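K.L.:
Give me the fold of what follows.
(chains A and B)
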Amino acid sequence: MMASFFRIVKFSLQDIFRNMSLSFMTVLILILMLLSINTLIVVRVITDESIQTVKEQIDVSIYFHPESTEEEIGEVREYVGSFPEVENEVYLTKEEVLENFKDTYSDNKEILASLDELGENPLGPTLVVKTREPKDYEKIINALSVPEYENIIEAKTFGDTQVAIDRIHSITTQVERFTYFLTALFAIIAFVIIFNTIRVAIYTQRAEIGIKRLVGATNWFISGPYMLESLIFSIISVAVTYGIAHFSIGFLDPYMGVVFGETELLSTYFSSHLLLILGIEFVSVFLLTIVSSGLAMRRYLRT
Amino acid sequence: MIVLKNLTKQYTRDSVGLHEVDLHIEPGEFVSVVGQSGTGKTTMVKLLIAEERPSSGKIEIGGWDITNISSHDVPLLRRQIGVIFQDFKLLPQKTVLENVEFALEVAGEKKSRINQVVPRVLDIVGLSHKNERYPHQLSGGEQQRVAIARALVHRPKILVADEPTGNLDSINTQEIIGILKKINEFGTTILLVTHNREVVNQLKRRVVTLHDGRLISDEHKGKYRL
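P.N.:
Residues are numbered from 1 along each chain as shown, chains lettered A, B, ... in the order given. Predicted coordinates:
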């Protein structure tokens, strides 16, 4: 049993080295497919980051009447906080709002002078609400547009941002759908190309398979080396792809940093998902090559 | 040694490979099976090595009924029958030595036994000095001798030779027939499928003639009569 196993290993390595050009082409195709999938992962990371960045730019501000009591404001805050869609809320007191206002218009002396003339703070407290998804803002705004809050809430930024929120929601949904479509398309292309590459590789060796059968080799003895070759090709292609991806990410990351302000965006993503990415890629390529080899060989192994 | 009883192989309704063939070959015999192209000679070989299954009738080899042999047992059968072909059927990516070793490796033989048997068999066919060459580096006659060596390593009781001289010139043909005769002298039953008139007439051994899938003559010291 062990002798047969070692012979299968020997024949497998002999096949790889004696059919070097075919082995090289098979590994090359596998690497190209894996690189395509890695490119898709990078595209998805960038898309997700872009969407997240855009989402983070959006919030809804609830402006309270300056006369609103702490108790009334507390009631609204508690109500807003009870929504599971709310990610966080930041409360700014009258004084903080005034301070921000002054900072914003520090270059405009006329506005600051008019503020001084009033003698008192005309601005009310503000609640800045951020939801998990842009589409949830509408729900929060609608929930606050009830008669009992009319005397407490002076204004909401709903009217000004609704169109932008809808537009962003529509864009992010379309981009997500497109990346799903792209992923599916790449998966199908990868499957077809790898499947055919392996089939052609086996087809070129069909005469040899026939001869091995004629001298009394069992199907296991014939298919074993091909299975092992699939394993070796999978390991080599995943390892080489990882090397290329690692180098490329190091090259791309500084550019990503300029756009998103995060210096190691891709490196962080890849290192935190390394085992998952390598594992899925290896298992996919191995299963694909094994299944392709098995199906291609089946017709030549029939007695 | 080989028993064919009422053996028929029908491929399609209009295409019959063999039709109700009865044949009994004793151990140690040298039998030539002759006939024109398409008369069922190769079908007979394919049935003997279980590459095809008969439509009806019975095949026995060394007392083993292989008529409905299972796929699992086919490799065992092929390790007991030596087979050589017109196109040699050598593994192009393996050397002479590896081609012959392969036949024992598939049977799970120990390396020590392989190292003992293979050089001896290569010596018998006169190729021990070319054991590191690849098939494409050999002449047709030499390639056929490698195929014979590979067929012999199992010490088979039967050697089936399907047109073994079909691709060879007259000198190489004589060499190969000489080796087959020598193997037969050691007690191996030889079934030679050929349409080479000279070879058959020169052998002066048993001749079985096929025509349109039927066995039309069986002579113990026969000649090529077609």
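K.L.:
Mind listing the residues bridging to the residue nearest the centre of chain B?
P.N.:
Centroid check for chain B by CA atoms, centre = their mean gives B:Val160 as the closest residue, at 1.8 Å. Counting by DSSP bridges, B:Val160 is bridged to B:Val83, B:Leu191.
K.L.:
contacting residues for it?
P.N.:
B:45, B:48-49, B:81-84, B:191, B:193 (CB atoms under 8 Å, 6 or more residues apart in numbering or on different chains). Glycine gets a C-beta too; all of them are placed from N, C-alpha and C.
K.L.:
Same check on B:Lys110?
P.N.:
Contacts of B:Lys110 (CB under 8 Å, 6+ apart): A:Ala3.
K.L.:
can you map out the strands along the chain?
P.N.:
If you meant another chain, say so; for now it's chain A. Applying DSSP state E to chain A gives strands spanning A:60-64, A:86-92, A:126-131, A:153-156.
K.L.:
Wait, chain B was what I had in mind.
P.N.:
According to DSSP E, the strands that chain B contains are B:2-10, B:16-25, B:30-34, B:56-61, B:64-65, B:81-85, B:158-162, B:189-194, B:206-211, B:214-219.
K.L.:
Take those strands and write them to JSON lines, including mean pLDDT.
P.N.:
Listed next are those as JSON lines, based on pLDDT from 0 to 100:
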{"stretch": "strand B:2-10", "mean pLDDT": "94"}
{"stretch": "strand B:16-25", "mean pLDDT": "92"}
{"stretch": "strand B:30-34", "mean pLDDT": "95"}
{"stretch": "strand B:56-61", "mean pLDDT": "95"}
{"stretch": "strand B:64-65", "mean pLDDT": "93"}
{"stretch": "strand B:81-85", "mean pLDDT": "92"}
{"stretch": "strand B:158-162", "mean pLDDT": "95"}
{"stretch": "strand B:189-194", "mean pLDDT": "95"}
{"stretch": "strand B:206-211", "mean pLDDT": "94"}
{"stretch": "strand B:214-219", "mean pLDDT": "92"}
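K.L.:
Take those strands and write them to a markdown table, including distance to A:Lys212.
P.N.:
Converted to a markdown table, these look like this (distance: least, CB to CB, whole Å):
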| stretch | distance to A:Lys212 |
| --- | --- |
| strand B:2-10 | 24 |
| strand B:16-25 | 25 |
| strand B:30-34 | 26 |
| strand B:56-61 | 21 |
| strand B:64-65 | 22 |
| strand B:81-85 | 13 |
| strand B:158-162 | 18 |
| strand B:189-194 | 22 |
| strand B:206-211 | 29 |
| strand B:214-219 | 32 |
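K.L.:
For A:Asn219, which of these is the nearest?
P.N.:
Evaluated over the strands of chain B, closeness to A:Asn219 peaks at strand B:81-85, with 18.6 Å, by CB to CB.
K.L.:
How far does that closest one sit from its chain's centre?
P.N.:
How far strand B:81-85 lies from its chain's middle: 4 Å, per CA atoms, centre = their mean, to the nearest Å.
K.L.:
Residues touching that strand, excluding its own?
P.N.:
A:214, B:45, B:48-49, B:61, B:144, B:147-148, B:150-152, B:154, B:156, B:158-164, B:188.
K.L.:
what's the angle between it and strand B:158-162?
P.N.:
Here strand B:81-85 points in a direction 20 degrees away from that of strand B:158-162 (axes from the mean of the first three to the mean of the last three CA atoms, to 10 degrees).
K.L.:
and the direction of strand B:81-85 versus that of strand B:189-194, what angle?
P.N.:
Computed by the same axes, to 10 degrees, the angle between strand B:81-85 and strand B:189-194 is 20 degrees.
K.L.:
what angle do strand B:81-85 and strand B:2-10 make?
P.N.:
50 degrees.
K.L.:
For strand B:81-85, C-alpha coordinates in CSV please.
P.N.:
Extracted C-alpha coordinates of strand B:81-85, given in CSV (Å, rounded to 0.1, in the frame of the first residue of the first chain):
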residue,chain,number,x,y,z
ILE,B,81,-1.8,-12.2,-20.0
GLY,B,82,1.1,-10.6,-21.9
VAL,B,83,-0.1,-8.5,-24.8
ILE,B,84,1.9,-6.8,-27.6
PHE,B,85,0.5,-4.6,-30.4
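K.L.:
the inter-axis angle of that strand versus strand B:56-61?
P.N.:
Using the same axes, to 10 degrees: strand B:81-85 against strand B:56-61 is 110 degrees.
K.L.:
In TSV: the strands of chain A, plus distance to chain B and mean pLDDT.
P.N.:
Listed next are the strands of chain A as TSV, based on distance: least, CB to the nearest CB, whole Å; pLDDT from 0 to 100:
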stretch	distance to chain B	mean pLDDT
strand A:60-64	71	85
strand A:86-92	63	86
strand A:126-131	65	86
strand A:153-156	77	79
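K.L.:
residues from chain B in reach of chain A?
P.N.:
B:49-51, B:71, B:74-79, B:83, B:89-94, B:102-103, B:105-108, B:110-111, B:150, B:154 (CB under 8 Å from any CB of the partner chain).
K.L.:
What pLDDT does the model give the residue with the largest distance to the centre of chain B?
P.N.:
Largest separation from the mean C-alpha position in chain B: B:Arg13, at 28.6 Å (CA atoms, centre = their mean). If you check B:Arg13, the pLDDT there is 81.
K.L.:
can you list the weak-confidence ranges in the stretch 151-300 of chain A?
P.N.:
A:158-166, A:168-169 (pLDDT under 70).
K.L.:
Can you pull the residues of it lying near chain B?
P.N.:
Close to chain B, as judged by CB under 8 Å from any CB, the stretch 151-300 of chain A has residues A:208, A:210-219, A:221.
K.L.:
Show me which of these are buried.
P.N.:
Neighbour counting with 16 or more other CB atoms under 10 Å in any protein chain shown marks A:208, A:211-219, A:221 as buried within those.
K.L.:
before we move on, back to that, which of the residues of chain B next to chain A are buried? Put it as a ChimeraX command.
P.N.:
Those of these that count as buried under 16+ other CB under 10 Å are selected in ChimeraX with:
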select /B:49,50,51,74,75,77,78,79,83,89,90,91,93,94,102,103,105,106,107,150,154
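K.L.:
mind listing what A:Ile209 touches?
P.N.:
Taking CB under 8 Å, 6+ apart, one finds A:202, A:222, A:297, A:300-301 in contact with A:Ile209.
K.L.:
Over to A:Leu231?
P.N.:
A:Leu231 makes contacts with A:Phe286, as judged by CB under 8 Å, 6+ apart.
K.L.:
Chain A - how does it break down into domains?
P.N.:
A:2-54+A:169-301, A:60-133 (automatic domain parsing).
K.L.:
JSON lines for these, including distance to A:Tyr149?
P.N.:
Output for the domains of chain A, formatted as JSON lines (distance: least, CB to CB, whole Å):
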{"stretch": "domain A:2-54+A:169-301", "distance to A:Tyr149": "25"}
{"stretch": "domain A:60-133", "distance to A:Tyr149": "6"}
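K.L.:
Tell me which of those approaches B:Asn172 most closely.
P.N.:
Smallest distance to B:Asn172 across the domains of chain A (CB to CB): 21.1 Å, for domain A:2-54+A:169-301.
K.L.:
distance between the ends of the closest one?
P.N.:
In domain A:2-54+A:169-301, first residue to last residue: 23 Å (CA to CA, to the nearest Å).
K.L.:
quick one: that domain to chain centroid distance?
P.N.:
Taking mean C-alpha positions (CA atoms, centre = their mean), domain A:2-54+A:169-301 and its chain are 19 Å apart.
K.L.:
Stretch B:151-159 too?
P.N.:
Distance, stretch centre to chain centre, for stretch B:151-159: 10 Å (CA atoms, centre = their mean).
K.L.:
Tell me which residues are up against it.
P.N.:
The contact list for stretch B:151-159 (CB under 8 Å, 6+ apart) reads A:216, B:1-2, B:27, B:61-62, B:79-84, B:100, B:103-104, B:107, B:117-118, B:121, B:124-125, B:180, B:183, B:188-191.
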